[in-house]
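Enquirer: Take this sequence and fold it.
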Amino acid sequence: MKLLLSLALGLVALSGCSTPPRRAGGQAPQAWITPVQAVILAADAAPRGVRATFAMRVRSTGAQGDRIFLNSQPDYRDQRDLTIVIGPRVAEQLQERLGADPRVALKGRDIRVTGWAVRTKIYFFANGEMTDKYYYQTHVNLIDAGQLILARQVVVD
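Expert: Presented below is the predicted three-dimensional model:
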């Protein structure tokens, strides 16, 4: 009988360990993190970065060479910005899936992206030459279009 009681109490104690922590107000924890959280966590984990699902509204887009950029802030240089970097192969996959250029199809849309947010050093150039001045951006490099999904709505910070 003591063995059964001990076993039952042990199972009750262990089941409490598997319950995810609640946020204020009793809400379950979110399954994704915001761009600002991503920037902070990636800076803390540098140079490794942090793996998670990131939720954001695409507020601006851009391109350089064959890469496309989706930004969480209107100004990609904003220290709170999270930038999703899309190479040519993934851009083709997304264009096929979305039926339009990802820069157009995703601007203003809420997305979720799973991957690694990494603090990236960006150097300034003057007269075509790299200077010793730089700033940091936080990038998530997509290697497959399946890493990006359209979200119904995200909490935007």
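Enquirer: what's across from the residue nearest the centre of the chain in the sheet?
Expert: By Cα atoms, centre = their mean, the mean C-alpha position of the chain lies nearest to residue 54, the distance being 3.0 Å. Assessed by DSSP bridges, residue 54 has beta-bridge partners residue 33, residue 113.
Enquirer: the helices in this structure, which residues?
Expert: Per DSSP state H, the chain has helices spanning 2-17, 35-45, 88-98, 102-105. These are given in chain order.
Enquirer: Of those, which shows the lowest average pLDDT?
Expert: In terms of mean pLDDT, the lowest-scoring of the helices of the chain is helix 2-17 (a mean of 41).
Enquirer: what's around the nearest residue to residue 144 once chain neighbours are set aside, how many residues?
Expert: Take residue 144 and drop its neighbours on the chain: the residue closest to it by Cβ to Cβ, 6 or more residues apart in numbering is residue 90, 6.4 Å away. C-beta coordinates here come from the backbone N, C-alpha and C atoms, glycine included. Neighbour count for residue 90, taken as other Cβ atoms under 10 Å: 22.
Enquirer: Hmm, residue 90 is touching residue 140, no?
Expert: No - the pair residue 90 and residue 140 does not pass the contact test of Cβ atoms under 8 Å, sitting 11.6 Å apart.
Enquirer: If residue 119 is in a bridge, with which residues?
Expert: residue 138.
Enquirer: Roughly how far does it sit from residue 72?
Expert: The span separating residue 119 from residue 72 equals 15 Å under the rule Cβ to Cβ, to the nearest Å.
Enquirer: For these two, work out which one has more neighbours and name it.
Expert: For residue 119 against residue 72, the residue with the higher neighbour count under other Cβ under 10 Å is residue 72, and the figures read 27 against 19.
Enquirer: got the contact list for the more buried one?
Expert: By Cβ atoms under 8 Å, 6 or more residues apart in numbering, the residues touching residue 72 are 35, 56, 57, 58, 59, 80, 81, 82, 83.
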